[in-house]
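Peer 1: Here's a sequence, model it:
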Amino acid sequence: GLRALDKFSHSDPMCVLYTKCGIRGSWVEEGRTESVKNTGDPEWQKSFNLKYYFHQKQSLRFSLYDVDSKSTDLGDHDNLGTAECTLAQILATQENKMSTCIEYKKVSLPLSPYQHSPGDCGSLLVRAVEVSDGTRDRVTLDLTAQNLDKKDLVVGDKAHRG
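Peer 2: Next up, the predicted model:
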């Protein structure tokens, strides 16, 4: 599971995907997964569909949060870790798999505290499928994570942010 800091309760992780095109581009939120309750090994149902620009650097940032309320403000939730890579790095991986006649790429990215070097925050598994529409210019990303932090501290019958 995701890195465990607490003995009593797992986190309720959600992943936020940001994209940045080019070197000087700014990070733009592409979307959010659903929150998966009480787990260190979430498998999110939401997929991300991205356009792939072969001649352009497309940076990806995956930020994981422990969702503690219904608030959409990410500052209200604990950061579980962040991973960055490019879409080309994912598509160039040599780990190809076949599943029900669909070929996909799979890469494991180490999670680290936001803007720090990779550490013991768990890992994010990204599965990418190139969508065949004649141009192969779209990619679908499916995400799972392992060894995420336990950020919830349970005291009595109430959960408190840790």
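Peer 1: Could you look up the SS state of residue 89?
Peer 2: helix (DSSP: H, G, I helix; E, B strand; the rest coil).
Peer 1: What ranges in the chain fall below the confidence cut-off?
Peer 2: Applying pLDDT under 70 to the chain flags the ranges 1-8, 94-102, 114-120, 132-136, 149-162.
Peer 1: burial count for residue 148?
Peer 2: Using other Cβ atoms under 10 Å, residue 148 has 28 neighbouring residues. Quick note: C-beta positions are derived from backbone N, CA and C, even for glycine.
Peer 1: Let me know whether it touches residue 40 as I believe.
Peer 2: Yes. Using Cβ atoms under 8 Å, residue 148 is in contact with residue 40, at 4.8 Å.
Peer 1: give the contact list for residue 58.
Peer 2: Residue 58 makes contact with 19-21, 50, 52, 86-88, according to Cβ atoms under 8 Å, 6 or more residues apart in numbering.
Peer 1: Tell me how far it lies from residue 47.
Peer 2: Per Cβ to Cβ, to the nearest Å, residue 58 is found 17 Å from residue 47.
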